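Visitor: quick one, what's the 3D model for this:
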Amino acid sequence: MKKLHLGLIASITMFGFVSCMEIDNFDEPAASIRGNIIDSTTGLPYVGCVGDNHIKIWEKSFSTNPAEQGLHIKSDGTYVNNKLFAGTYDMCPVDGPWFPVDTIRGVQIGNNNNATQDFIVTPYVKVKDFATELLKCPESAYDTLVVSGRLYAPYPKGYNGMDMPQVREIRPFVSNNETCGASMCMSYYYNDQWRVNVRKGWSAIGDMETGEGNLTYEFRLPVKRGYNYWVRMGVNMNDQYNHWNYSEIKSVTIPQ
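Guide: Residues are numbered from 1 along each chain as shown. Prediction:
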(Lines give C-alpha, C1' and ligand atoms only; values in the text may rest on other atoms or scores of the structure.)
Protein backbone atom coordinates (compact mmCIF):
# COMPACT_ATOMS: atom_id res chain seq x y z
CA MET A 1 0.00 0.00 0.00
CA LYS A 2 2.84 2.36 0.85
CA LYS A 3 4.43 1.68 -2.57
CA LEU A 4 1.09 2.41 -4.27
CA HIS A 5 0.82 5.77 -2.50
CA LEU A 6 4.36 6.68 -3.47
CA GLY A 7 3.66 5.72 -7.07
CA LEU A 8 0.56 7.90 -7.21
CA ILE A 9 2.44 10.87 -5.77
CA ALA A 10 5.23 10.44 -8.30
CA SER A 11 2.77 10.23 -11.18
CA ILE A 12 0.94 13.39 -10.08
CA THR A 13 4.23 15.23 -9.67
CA MET A 14 5.42 14.16 -13.12
CA PHE A 15 2.09 15.17 -14.71
CA GLY A 16 2.36 18.62 -13.13
CA PHE A 17 5.93 18.98 -14.31
CA VAL A 18 5.06 18.04 -17.89
CA SER A 19 2.02 20.35 -17.95
CA CYS A 20 4.24 23.26 -16.88
CA MET A 21 6.45 22.58 -19.91
CA GLU A 22 3.64 23.08 -22.42
CA ILE A 23 4.47 25.75 -24.99
CA ASP A 24 2.57 29.04 -24.68
CA ASN A 25 1.32 29.59 -28.23
CA PHE A 26 -0.38 32.94 -27.62
CA ASP A 27 1.06 35.87 -29.55
CA GLU A 28 2.63 38.54 -27.39
CA PRO A 29 0.81 41.90 -27.33
CA ALA A 30 1.89 44.08 -30.26
CA ALA A 31 -0.75 46.81 -30.61
CA SER A 32 0.50 50.38 -30.23
CA ILE A 33 -0.83 53.77 -29.12
CA ARG A 34 0.93 57.11 -28.90
CA GLY A 35 0.04 60.74 -28.43
CA ASN A 36 0.57 64.05 -26.66
CA ILE A 37 -0.64 65.70 -23.48
CA ILE A 38 -1.47 69.22 -24.65
CA ASP A 39 -1.44 72.29 -22.38
CA SER A 40 -4.69 74.14 -23.17
CA THR A 41 -3.11 77.51 -22.29
CA THR A 42 -0.36 77.21 -24.91
CA GLY A 43 -1.46 74.53 -27.38
CA LEU A 44 1.94 72.89 -26.82
CA PRO A 45 2.84 69.59 -25.11
CA TYR A 46 2.58 69.73 -21.31
CA VAL A 47 6.12 69.65 -19.91
CA GLY A 48 6.46 67.74 -16.64
CA CYS A 49 9.08 65.44 -15.14
CA VAL A 50 9.88 61.74 -15.33
CA GLY A 51 7.41 59.58 -13.39
CA ASP A 52 5.12 62.45 -12.39
CA ASN A 53 1.99 61.59 -14.38
CA HIS A 54 0.39 58.74 -16.29
CA ILE A 55 -2.65 57.73 -18.32
CA LYS A 56 -5.16 55.25 -16.94
CA ILE A 57 -6.51 52.82 -19.51
CA TRP A 58 -9.23 50.16 -19.29
CA GLU A 59 -9.65 47.47 -21.95
CA LYS A 60 -13.40 47.22 -22.58
CA SER A 61 -13.33 44.51 -25.27
CA PHE A 62 -14.28 41.64 -22.99
CA SER A 63 -15.47 43.17 -19.71
CA THR A 64 -17.58 46.08 -18.53
CA ASN A 65 -15.54 46.31 -15.33
CA PRO A 66 -11.90 45.67 -16.30
CA ALA A 67 -8.84 46.26 -14.17
CA GLU A 68 -7.04 49.50 -14.94
CA GLN A 69 -3.61 49.70 -16.53
CA GLY A 70 -1.21 52.62 -16.77
CA LEU A 71 0.80 54.34 -19.50
CA HIS A 72 3.65 56.59 -18.40
CA ILE A 73 3.80 60.15 -19.69
CA LYS A 74 7.28 61.34 -20.65
CA SER A 75 8.70 64.61 -19.38
CA ASP A 76 8.19 66.19 -22.81
CA GLY A 77 4.45 65.55 -22.67
CA THR A 78 4.39 62.56 -25.04
CA TYR A 79 3.56 58.93 -24.42
CA VAL A 80 3.89 55.68 -26.37
CA ASN A 81 3.20 52.00 -25.72
CA ASN A 82 3.61 49.27 -28.34
CA LYS A 83 2.96 46.26 -26.10
CA LEU A 84 -0.82 46.35 -25.71
CA PHE A 85 -3.39 43.77 -26.75
CA ALA A 86 -5.55 44.89 -29.65
CA GLY A 87 -8.97 46.00 -28.46
CA THR A 88 -11.23 48.82 -27.36
CA TYR A 89 -9.99 51.04 -24.53
CA ASP A 90 -11.16 53.89 -22.33
CA MET A 91 -8.35 56.35 -21.50
CA CYS A 92 -7.82 59.27 -19.12
CA PRO A 93 -4.68 61.21 -18.02
CA VAL A 94 -4.42 61.36 -14.23
CA ASP A 95 -1.99 62.25 -11.41
CA GLY A 96 -1.30 65.62 -12.98
CA PRO A 97 -1.54 69.10 -11.41
CA TRP A 98 -4.42 70.00 -13.71
CA PHE A 99 -8.18 70.27 -13.54
CA PRO A 100 -10.15 67.02 -14.08
CA VAL A 101 -10.07 65.59 -17.58
CA ASP A 102 -12.95 63.65 -19.13
CA THR A 103 -12.34 60.00 -19.98
CA ILE A 104 -12.17 59.33 -23.72
CA ARG A 105 -14.14 56.17 -24.45
CA GLY A 106 -13.95 53.61 -27.20
CA VAL A 107 -10.40 54.17 -28.42
CA GLN A 108 -9.61 51.48 -30.98
CA ILE A 109 -6.10 50.07 -30.67
CA GLY A 110 -5.17 47.48 -33.29
CA ASN A 111 -2.07 45.53 -34.22
CA ASN A 112 -1.45 47.44 -37.44
CA ASN A 113 -3.18 50.79 -37.09
CA ASN A 114 -0.60 52.73 -34.98
CA ALA A 115 -3.38 54.45 -33.04
CA THR A 116 -2.92 58.00 -31.76
CA GLN A 117 -4.82 59.83 -29.05
CA ASP A 118 -4.05 63.31 -27.71
CA PHE A 119 -5.39 64.77 -24.46
CA ILE A 120 -5.89 68.43 -23.53
CA VAL A 121 -5.23 69.42 -19.91
CA THR A 122 -5.54 72.75 -18.08
CA PRO A 123 -2.82 73.29 -15.43
CA TYR A 124 -3.83 74.82 -12.09
CA VAL A 125 -0.97 77.31 -12.21
CA LYS A 126 1.70 78.50 -14.62
CA VAL A 127 5.15 79.91 -13.80
CA LYS A 128 5.62 83.16 -15.75
CA ASP A 129 8.68 85.30 -16.42
CA PHE A 130 11.01 82.54 -15.28
CA ALA A 131 14.55 83.93 -15.23
CA THR A 132 18.05 83.12 -14.06
CA GLU A 133 20.89 85.51 -13.26
CA LEU A 134 24.44 84.65 -12.27
CA LEU A 135 26.14 86.81 -9.64
CA LYS A 136 29.92 86.46 -9.42
CA CYS A 137 31.22 86.27 -5.84
CA PRO A 138 35.05 86.52 -5.94
CA GLU A 139 35.31 86.57 -2.16
CA SER A 140 33.48 83.23 -1.90
CA ALA A 141 34.20 79.68 -3.09
CA TYR A 142 30.81 79.72 -4.84
CA ASP A 143 28.95 82.05 -7.16
CA THR A 144 25.23 82.77 -6.72
CA LEU A 145 22.54 81.75 -9.18
CA VAL A 146 19.39 83.86 -8.77
CA VAL A 147 16.23 82.03 -9.90
CA SER A 148 12.96 83.94 -10.09
CA GLY A 149 9.43 83.77 -11.45
CA ARG A 150 5.79 84.76 -10.99
CA LEU A 151 2.62 82.69 -10.81
CA TYR A 152 -0.40 82.81 -13.07
CA ALA A 153 -3.67 80.90 -12.61
CA PRO A 154 -5.61 80.41 -15.88
CA TYR A 155 -8.84 79.69 -13.95
CA PRO A 156 -8.52 81.07 -10.40
CA LYS A 157 -12.24 80.51 -9.72
CA GLY A 158 -12.13 76.87 -10.77
CA TYR A 159 -12.74 74.88 -13.92
CA ASN A 160 -14.53 71.77 -15.14
CA GLY A 161 -16.58 71.50 -11.97
CA MET A 162 -13.64 71.75 -9.55
CA ASP A 163 -12.44 74.62 -7.37
CA MET A 164 -8.81 75.54 -7.68
CA PRO A 165 -6.82 73.88 -4.86
CA GLN A 166 -4.49 75.71 -2.50
CA VAL A 167 -0.92 76.45 -3.48
CA ARG A 168 1.22 74.41 -1.07
CA GLU A 169 4.78 75.47 -1.84
CA ILE A 170 7.13 76.94 -4.44
CA ARG A 171 10.73 75.89 -4.90
CA PRO A 172 13.57 75.72 -7.43
CA PHE A 173 14.86 72.46 -8.87
CA VAL A 174 18.48 72.03 -9.94
CA SER A 175 19.90 69.09 -11.87
CA ASN A 176 23.22 68.11 -13.40
CA ASN A 177 21.47 66.74 -16.50
CA GLU A 178 18.71 67.86 -18.85
CA THR A 179 15.98 66.04 -16.89
CA CYS A 180 14.96 68.34 -14.07
CA GLY A 181 12.07 68.27 -11.59
CA ALA A 182 10.89 66.87 -8.27
CA SER A 183 11.80 63.28 -9.17
CA MET A 184 15.11 64.21 -10.85
CA CYS A 185 17.06 66.89 -8.99
CA MET A 186 20.13 67.42 -6.86
CA SER A 187 19.23 66.69 -3.26
CA TYR A 188 21.43 69.52 -1.96
CA TYR A 189 19.00 72.08 -3.39
CA TYR A 190 15.86 70.19 -2.37
CA ASN A 191 16.05 71.90 0.99
CA ASP A 192 13.63 73.94 3.09
CA GLN A 193 16.16 76.74 2.95
CA TRP A 194 15.16 77.27 -0.69
CA ARG A 195 11.40 77.07 -0.74
CA VAL A 196 8.35 79.18 0.00
CA ASN A 197 5.77 77.43 2.16
CA VAL A 198 2.55 79.07 0.91
CA ARG A 199 -0.45 76.94 2.06
CA LYS A 200 -2.97 79.50 0.83
CA GLY A 201 -5.80 79.76 -1.65
CA TRP A 202 -5.43 81.90 -4.74
CA SER A 203 -7.39 84.85 -3.32
CA ALA A 204 -4.55 85.37 -0.81
CA ILE A 205 -1.72 85.32 -3.36
CA GLY A 206 -3.20 86.54 -6.65
CA ASP A 207 -5.98 88.34 -8.49
CA MET A 208 -9.23 86.38 -8.73
CA GLU A 209 -10.23 88.09 -11.97
CA THR A 210 -7.03 88.21 -14.03
CA GLY A 211 -5.29 85.22 -12.45
CA GLU A 212 -2.05 87.19 -12.07
CA GLY A 213 0.03 86.45 -8.96
CA ASN A 214 0.91 89.27 -6.62
CA LEU A 215 4.58 88.47 -6.02
CA THR A 216 7.80 87.58 -7.80
CA TYR A 217 9.47 84.66 -6.01
CA GLU A 218 13.26 84.66 -5.91
CA PHE A 219 15.79 82.06 -4.77
CA ARG A 220 19.55 82.59 -4.38
CA LEU A 221 21.44 79.34 -4.88
CA PRO A 222 25.18 78.75 -4.35
CA VAL A 223 26.74 77.12 -7.44
CA LYS A 224 30.19 75.75 -8.20
CA ARG A 225 32.35 77.35 -10.84
CA GLY A 226 33.11 75.32 -13.94
CA TYR A 227 29.86 73.34 -13.82
CA ASN A 228 26.75 73.25 -15.99
CA TYR A 229 23.33 73.16 -14.34
CA TRP A 230 19.75 72.74 -15.50
CA VAL A 231 17.22 74.62 -13.41
CA ARG A 232 13.49 75.34 -13.24
CA MET A 233 10.83 76.45 -10.73
CA GLY A 234 7.90 74.36 -9.55
CA VAL A 235 4.59 75.00 -7.78
CA ASN A 236 3.11 72.21 -5.67
CA MET A 237 -0.69 72.06 -5.42
CA ASN A 238 -2.77 70.73 -2.54
CA ASP A 239 -4.88 68.16 -4.38
CA GLN A 240 -4.96 64.38 -4.02
CA TYR A 241 -1.76 63.95 -6.06
CA ASN A 242 0.42 66.81 -4.74
CA HIS A 243 2.32 67.06 -8.00
CA TRP A 244 4.06 70.05 -9.57
CA ASN A 245 3.39 72.64 -12.24
CA TYR A 246 6.76 73.66 -13.67
CA SER A 247 8.42 76.46 -15.54
CA GLU A 248 10.51 75.68 -18.59
CA ILE A 249 14.03 74.36 -18.00
CA LYS A 250 17.03 76.66 -18.43
CA SER A 251 20.63 75.56 -18.88
CA VAL A 252 23.19 77.64 -16.99
CA THR A 253 26.96 77.35 -17.36
CA ILE A 254 29.05 78.70 -14.46
CA PRO A 255 32.43 80.00 -15.73
CA GLN A 256 35.64 79.17 -13.85
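Visitor: where do the strands of the stretch 151-256 of the chain begin and end?
Guide: Here the stretch 151-256 of the chain has its strands, by DSSP state E, counting those that start in this stretch, at 167-175, 196-200, 212-223, 228-237, 244-246, 250-253.
Visitor: which among those strands is found nearest to G149?
Guide: Nearest of those to G149, taken as C-beta to C-beta: strand 228-237 at 4.7 Å. (Each C-beta comes from the backbone N, C-alpha and C, glycine too.)
Visitor: buried sites along the closest one?
Guide: 229-237 (16 or more other C-beta atoms under 10 Å).
Visitor: burial measure for W98, as a count.
Guide: 29 (other C-beta atoms under 10 Å).
Visitor: hmm, I was thinking of P154
Guide: P154 has 17 neighbouring residues, counting by other C-beta under 10 Å.
Visitor: again, but for K224
Guide: For K224, the neighbour count with other C-beta under 10 Å is 11.
Visitor: that one touches I254, doesn't it?
Guide: Yes: using C-beta atoms under 8 Å, K224 is in contact with I254, at 6.5 Å.
Visitor: what's the overlap in contacts for those two?
Guide: By C-beta atoms under 8 Å, 6 or more residues apart in numbering, K224 and I254 have no common neighbours.
Visitor: between the buried residues of strand 228-237, which sits nearest E68?
Guide: After measuring those against E68 - C-beta to C-beta - the closest member comes out as M237, at 23.2 Å.
Visitor: mind listing what's buried in stretch 133-151?
Guide: 143, 145, 147-151.
Visitor: no no, stretch 170-187
Guide: By 16+ other C-beta under 10 Å, the buried positions in stretch 170-187 come out as 170-175, 180-182, 184-185.
Visitor: including pLDDT and distance to G87, could those residues go into JSON lines?
Guide: As requested, the buried residues of stretch 170-187 are exported to JSON lines (pLDDT from 0 to 100; distance: C-beta to C-beta, whole Å):
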{"residue": "I170", "pLDDT": "98", "distance to G87": "43"}
{"residue": "R171", "pLDDT": "97", "distance to G87": "42"}
{"residue": "P172", "pLDDT": "98", "distance to G87": "44"}
{"residue": "F173", "pLDDT": "97", "distance to G87": "39"}
{"residue": "V174", "pLDDT": "98", "distance to G87": "43"}
{"residue": "S175", "pLDDT": "96", "distance to G87": "39"}
{"residue": "C180", "pLDDT": "94", "distance to G87": "37"}
{"residue": "G181", "pLDDT": "94", "distance to G87": "33"}
{"residue": "A182", "pLDDT": "93", "distance to G87": "34"}
{"residue": "M184", "pLDDT": "91", "distance to G87": "34"}
{"residue": "C185", "pLDDT": "95", "distance to G87": "38"}
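Visitor: ranges for the helices of the stretch 1-150 of the chain?
Guide: Ranges of helices within the stretch 1-150 of the chain are 2-20, based on DSSP state H, counting those that start in this stretch.
Visitor: look up how far G158 lies from T179.
Guide: Remark: distance between T179 and G158 (C-beta to C-beta, to the nearest Å) = 32 Å.
Visitor: still on that earlier bit, let's see which of the buried residues of stretch 133-151 end up in strands.
Guide: Among the buried residues of stretch 133-151, the members falling in strands (DSSP state E) are 143, 145, 147-151.
Visitor: per-residue pLDDT, the nearest residue to V50 once chain neighbours are set aside?
Guide: Nearest residue to V50, sequence neighbours excluded (C-beta to C-beta, 6 or more residues apart in numbering): S75, at 5.2 Å. Predicted confidence (pLDDT) for S75: 91.
Visitor: quick check: which ranges of the stretch 1-150 of the chain have low pLDDT?
Guide: When residues are selected by pLDDT under 70, those of the stretch 1-150 of the chain lie in 1-27.
Visitor: ok, which stretches of it are strands?
Guide: 31-39, 54-59, 68-72, 78-84, 87-94, 104-109, 115-116, 119-121, 126-135, 143-152.
Visitor: give me the buried positions along the fourth one.
Guide: Right, the one you point to is strand 78-84. 79, 81, 84.
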